[in-house]
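**Student:** Need a 3D model of the following:
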Amino acid sequence: MAPRPQFSAAGALALLAEPEPVLKQRALKALISLVPQFWAEISEHIAVIESLYESDELSAEARQSAALLASKVYYYLGEYDEALSFALGAAPAFEQDSLASGEDEYVETIISKAIDRYIQARSDDAFGSQEKLDPRLGDIIESIFSRCIQNGEYKQAIGVALEAHRLDVIAHVYEKGHDTSLLAYCMDAVLDTNFSLSYRDEVLNFLYPLFPSPKADAKSPHVHSLTRLLVTLSSPTLTVPLLVSLVPGEKLLAYQFAFDLVEGGAQDFLETVRTDLPEGDESTKPIFDVLRRILGGQEAVKLYLEFLKKNNKSDLLILKHTKDVLEPRSSVYHTAVTFQNAFMHAGTTSDTFLRENLDWLGYASNWSKFTATAALGVIHKGNFEQGMAILGPYLPNTNGGESGLAGAAYSEGGALYALGLINAGVGSGRTVENYLREILRAAQGEVVQHGAALGLGVAGMGGRNAEAYDDLKQTLFMDSAVAGEGAGYAMGLVMLGTADPTCASEMLTYARETQHEKIIRGLAVGLAFLFYGRQDQADETIKQLLAEKDPILRYGGVYTLALAYAGTNNNDAVRRLLHIAVSDTSDDVRRAAVTSLAFLLFKNPRSVPRIVQLLSESYNPHVRCGATLALGIACAGTGLQDAVEILEPMTKDSVDFVRQGAFIALGMVLVQQSDASSPSLASTRALYAKIVADKHEDPMARFGAALGQSFIDAGGRNVTISLQSRAGTKNTSAIVGMVMFCQFWYWYPLAHCASLAFEPTGIIGLTEDLKAPKFEFISNARPSLFAYPSPLKTAKKEVATKVTTAVLSTTAKVKARERRKAVSEGEVVESEDKTDAKKDGDVEMKSDEPSSSAQHGDVSPINGSVSNLPEGQQADAKTPSKRKEPTWENISNFSRVTPAQLAYVVFHPTSRYQPVRPVSTRELSAKNGKGSGSNKASLLSSEKYAGGGGILIMVDQRAEEPAEYIEFGNTPAPAPEATEVTPPPANNLAPSGPHIALDASGPEADPPQSFEYPFGGDT
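**Tutor:** Numbers count the residues shown, from 1 in each chain. Just a heads-up that it's a prediction; the model follows:
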């Protein structure tokens, strides 16, 4: 018999008023099951239920039932805090009910509230709160920890333990399985979420001894995590003992750690480690000397310089087309071509374009000359050994005397700026820094001072040199607008991340006193550099700057907020920036607020399109422009289709500077993408060429398209743009460079700093002697996914042809009949028809058979096709059997390997050279070294930067055999294949260069005599 439906809880509620405790207990148990249906009716008696919970007459079990009933009623009323309080009072009954009942939502909500209250209580306790933790709450949390560990849900337990400051639980979880991936997960969580600096350092110092000692033969997977931990802490007291422990037994691993530390470590930290390394005895002294040389930073820069020179695939034809269509007399267009040349050849030392276009270079004047000279620093970035020699003709005298040549000050200032770019990040405490300081003190002209200040700031970035800061401060106090602006930026760069209160006070005070907007802007951004990575330590300064009446100081406050919390995904910081983006009265501040989102969220690029999508549709064009740059910087190098889909419509925006931002951002997003991995690449390249060549387009949009072209092919197509280092830490140089690049809105020369964010992408294998041997490794992916783009082809000039003379069929038949008759009579027939046809402009019909000569275009040695025909037409003409593309390829040492490709790279087990650490932080499985490899482009983008690659120390497993090494030359690399322009064929009638003109008035040459070829004599 089916149970009768119940329409009210009145009967059970009436029992609560009975004097017998047994009846009350029975009523409470009955009401617990009725709460989901009759909670509104039961809530009217909540006071009675609470009194029963506090009654001494009832048994403990009955009081727990009353507490559970009250908890459920408050839950349905939406009073979750009260529900939790009563659930704590009903702890045993709550646990039994959670296992038996089907009210999963109630249980999950109460547990969630319990965890939140526990975390809050533990956090307050960590900050010295006197309030004691409820032991009942502690019991519930302990049961949650136990349940997670029993079920193998270790990451959930670690997450709660991290937020609750329970490091003992983390150690207990790790002891269960000694899985280093759990430690790496814990480290990532504390670095990428909203924890204070003090607690972050406490957790990292706690995790460090838990990591096992790395071993080269085991290819310890936690080497990346250890490197990230050491760089983040920047603690020589931890780093030096680790390196010493690896010498001499694991010296190759010590070298690898040194190279990895250089990737993300600050200059002052690396210098301290170098100084603290011991001298060593006879056997270890050479090893420590090599470590010191690597930690100096210049060894890695040299290797990447050789890599970029060797693999330069810049397409000079793109650059030539841009130069030809942009009017050189316009300083904006001249500067655009300057930037394009600089970025496309960044670090390659190839100045072929400049040597071949000296006439174009001569159009530069004033600040265009400054920018053009500074471009040499981008092209020769890292070539610090020859930097002074290259820039020697442009550098000023050391006594600071003014040159008598007109406009020489601009080239001198640009050369000093270029010198800083060449030594970017490795110049602190070296000769170049002292040289720039001397020039800065001696210079009289503001242009030279400006260049010297910028060069000093970029070269000494993060060096914390107090003397350099004082020299810059003296330049600032001269109150020259141009020189003061450069000094403001440089003061922040030199003291990067120090949060020095004296420096902050001096810079803010002067910014409030001066009347020059350029100086205020330089100091405002300099303050942002000063508090780089300081998080809550910068809150007071941020509050002051954002409350200023001067919009330029509020602009600086926005960048201070972004850099202080760079890479943290801090929700409060994101919320403040979004509020500023829609509420500030200054368009510049609003644009900066949207752009700054990129510096907070670059570790999670997939979230950025969703956040800025509405902002990209704002009525305010400055907000839309900020949205473009935010997408470009945060999603740089990912090829993220969501970002491209937002940016492509913005290239048709009605406002020119929004289109400019969209073009620049597309170039950043699509850098190092291929046609196979990104469906938008071909259309974007075509769009750039169209916009640049369109004379009716706005200059700002054409400027942006030229920059976008250069970003797509940056660094000879061998660099990406990334704000994260290969170890997963923040790439300080890249973040600083992108902030400086964003200031091109006010001052074009600062755009050169974008080169600081260029990260060479390749695998550079080295032996213990730091030589590069010749070897190959395997990429388990289709070669087209990561191939270089094909170079542009020169457009063949079509020769104008005369219209063919129409010949009637009857006429042709008559002439043929006459020829046959003449031949039968033995007469010699001259080819009059051919002569007449040529005189009349007749054209011979082409044979259907393909010609073996290159008469109608160059024949490709690869597929035998005519190079000036589209591939599709060639395929249709010949219809050859299409060869299936392989799913893997062999790649040689010192070759380009993009960040997305690193996950597919494997070394065959029988290979002579094996890396001492994993190539990538994320690897795909492979079969026998040649896996099928996933060909889906969706795998190319990841939530986080695919760390690894770069400089790898290799173990030689057959050291007794002779080895072949890659030779490095000091001379610039020969012109790359991609830039070679195929010469026109010999029979092409279009002139290809200077030639001797014929005398048009001279007599016409006689036609050649008729002849008959002896066909019968062929053998």
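
**Student:** which residues of the stretch 601-750 of the chain fall in helices?
**Tutor:** 607-612, 621-634, 641-650, 656-669, 681-693, 699-712, 714-717, 732-742 (DSSP state H, counting those that start in this stretch).

**Student:** so what secondary structure elements neighbour the fifth one?
**Tutor:** Based on contacts counted as 3 or more CB pairs under 8 Å, 6 or more residues apart in numbering; DSSP states H and E, the elements that helix 681-693 packs against are helix 316-325, helix 656-669, helix 699-712. No exception for glycine: its C-beta is placed from N, CA and C like everyone else's.

**Student:** ok, now the shortest one?
**Tutor:** In terms of contacts (3+ CB pairs under 8 Å, 6+ apart), helix 714-717 is packed against helix 331-344, strand 758-760.

**Student:** let's see 10 Å
**Tutor:** Where contact means 3 or more CB pairs under 10 Å, 6 or more residues apart in numbering; DSSP states H and E, helix 714-717 is packed against helix 298-310, helix 331-344, strand 719-721, strand 758-760.

**Student:** Could I get the average pLDDT for that helix?
**Tutor:** In this model, helix 714-717 has a mean pLDDT of 94.

**Student:** And for stretch 277-295?
**Tutor:** Taken as a whole, stretch 277-295 has an average pLDDT of 90.

**Student:** CA atoms only: put it into PDB for me.
**Tutor:** C-alpha atoms of stretch 277-295 as PDB (Å, rounded to 0.1, in the frame of the first residue of the first chain):
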ATOM      1  CA  LEU A 277      80.400  31.100  -5.100                       C
ATOM      2  CA  PRO A 278      83.500  29.600  -3.600                       C
ATOM      3  CA  GLU A 279      86.800  29.600  -5.400                       C
ATOM      4  CA  GLY A 280      87.100  25.800  -5.100                       C
ATOM      5  CA  ASP A 281      90.200  23.600  -5.100                       C
ATOM      6  CA  GLU A 282      92.300  22.400  -8.100                       C
ATOM      7  CA  SER A 283      89.500  20.000  -9.300                       C
ATOM      8  CA  THR A 284      86.500  22.300  -8.800                       C
ATOM      9  CA  LYS A 285      88.000  25.700  -9.600                       C
ATOM     10  CA  PRO A 286      87.400  25.400 -13.400                       C
ATOM     11  CA  ILE A 287      83.800  24.400 -12.700                       C
ATOM     12  CA  PHE A 288      83.100  27.400 -10.500                       C
ATOM     13  CA  ASP A 289      84.800  29.700 -13.000                       C
ATOM     14  CA  VAL A 290      82.400  28.400 -15.700                       C
ATOM     15  CA  LEU A 291      79.400  28.900 -13.400                       C
ATOM     16  CA  ARG A 292      80.500  32.500 -12.700                       C
ATOM     17  CA  ARG A 293      80.900  33.100 -16.400                       C
ATOM     18  CA  ILE A 294      77.400  31.800 -17.100                       C
ATOM     19  CA  LEU A 295      75.800  33.700 -14.200                       C
END
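
**Student:** Return the distance of that stretch from the chain's centre.
**Tutor:** 34 Å (CA atoms, centre = their mean, to the nearest Å).

**Student:** circling back: reformat the helices and strands packed on helix 714-717 as JSON lines; add mean neighbour count and distance to H516.
**Tutor:** Shown next, in JSON lines, are these (neighbours: other CB atoms under 10 Å; distance: least, CB to CB, whole Å):
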{"stretch": "helix 298-310", "mean neighbour count": "22", "distance to H516": "36"}
{"stretch": "helix 331-344", "mean neighbour count": "25", "distance to H516": "23"}
{"stretch": "strand 719-721", "mean neighbour count": "26", "distance to H516": "32"}
{"stretch": "strand 758-760", "mean neighbour count": "26", "distance to H516": "32"}
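
**Student:** between the ones you listed, which one is nearest to V574?
**Tutor:** The closest of the helices and strands packed on helix 714-717 to V574 is strand 719-721. By CB to CB, the value is 21.9 Å.

**Student:** most centrally placed residue in the chain?
**Tutor:** Note on the chain: the residue nearest the mean C-alpha position is S722, at 2.0 Å, using CA atoms, centre = their mean.

**Student:** In contact with the nearest residue to it once chain neighbours are set aside, which residues?
**Tutor:** With sequence-adjacent residues excluded and distances taken as CB to CB, 6 or more residues apart in numbering, S722 is closest to E759, at 4.9 Å. Each residue near E759 by CB atoms under 10 Å, 6 or more residues apart in numbering is listed here: 263, 304, 636-637, 714-715, 718-726, 731, 733-734, 899, 945, 949-950.

**Student:** Return a selection command, for use in PyMOL, containing the buried ones of these.
**Tutor:** What follows is the PyMOL syntax for the buried subset of the contacts of E759, where burial is set by 16 or more other CB atoms under 10 Å:
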select buried, resi 263+304+636+637+714+715+718+719+720+721+722+723+724+725+726+731+733+734+899+945+949+950
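
**Student:** Quick check on E153: phi, psi?
**Tutor:** Dihedral angles of E153 (phi, psi; degrees, to the nearest 10) stand at phi -90, psi 70.

**Student:** Give me the pLDDT value at the residue lying closest to V332 once chain neighbours are set aside.
**Tutor:** Among residues not flanking V332 along the chain, P699 sits closest, at 5.2 Å (CB to CB, 6+ apart). Per-residue confidence (pLDDT) for P699: 94.

**Student:** And for the one 3 residues further on?
**Tutor:** At R702 the predicted local distance difference test score is 96.

**Student:** ok, the residue nearest to it when sequence neighbours are not counted to Q340 distance?
**Tutor:** Excluding its sequence neighbours, the residue lying closest to R702 (CB to CB, 6+ apart) is V692, at 5.6 Å. Distance of V692 to Q340, given as CB to CB, to the nearest Å: 9 Å.

**Student:** go on, G661?
**Tutor:** When CB to CB is the yardstick, G661 and Q340 sit 17 Å from each other.

**Student:** Kindly report the same for L614.
**Tutor:** 33 Å.

**Student:** same question, A676
**Tutor:** Distance of A676 to Q340, given as CB to CB: 25 Å.

**Student:** low-scoring stretches of the stretch 751-900 of the chain, by residue?
**Tutor:** 795-807, 825-882 (pLDDT under 70).

**Student:** repeat that for 50
**Tutor:** Scanning the stretch 751-900 of the chain for pLDDT under 50 picks out the ranges 832-880.

**Student:** and if you look at the stretch 51-200 of the chain?
**Tutor:** For the stretch 51-200 of the chain, no stretch has pLDDT under 50.

**Student:** swap in the stretch 901-1019 of the chain?
**Tutor:** Applying pLDDT under 50 to the stretch 901-1019 of the chain picks out residues 925-929, 931-946, 971-1003, 1005, 1011-1019.

**Student:** Can you show me the CA trace of stretch 689-705 as PDB?
**Tutor:** Presented in PDB, the C-alpha positions along stretch 689-705 are these (Å, rounded to 0.1, in the frame of the first residue of the first chain):
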ATOM      1  CA  ALA A 689      49.900  44.700 -47.200                       C
ATOM      2  CA  LYS A 690      46.700  46.300 -48.400                       C
ATOM      3  CA  ILE A 691      46.600  48.900 -45.600                       C
ATOM      4  CA  VAL A 692      50.200  49.900 -45.900                       C
ATOM      5  CA  ALA A 693      49.800  50.400 -49.700                       C
ATOM      6  CA  ASP A 694      46.600  52.300 -49.400                       C
ATOM      7  CA  LYS A 695      47.400  56.000 -49.800                       C
ATOM      8  CA  HIS A 696      43.900  57.000 -48.700                       C
ATOM      9  CA  GLU A 697      44.200  55.200 -45.400                       C
ATOM     10  CA  ASP A 698      44.900  57.200 -42.200                       C
ATOM     11  CA  PRO A 699      48.600  57.600 -41.300                       C
ATOM     12  CA  MET A 700      48.100  56.100 -37.900                       C
ATOM     13  CA  ALA A 701      46.500  53.000 -39.300                       C
ATOM     14  CA  ARG A 702      49.300  52.600 -41.800                       C
ATOM     15  CA  PHE A 703      51.800  53.100 -39.000                       C
ATOM     16  CA  GLY A 704      50.100  50.300 -37.000                       C
ATOM     17  CA  ALA A 705      50.000  47.900 -40.000                       C
END
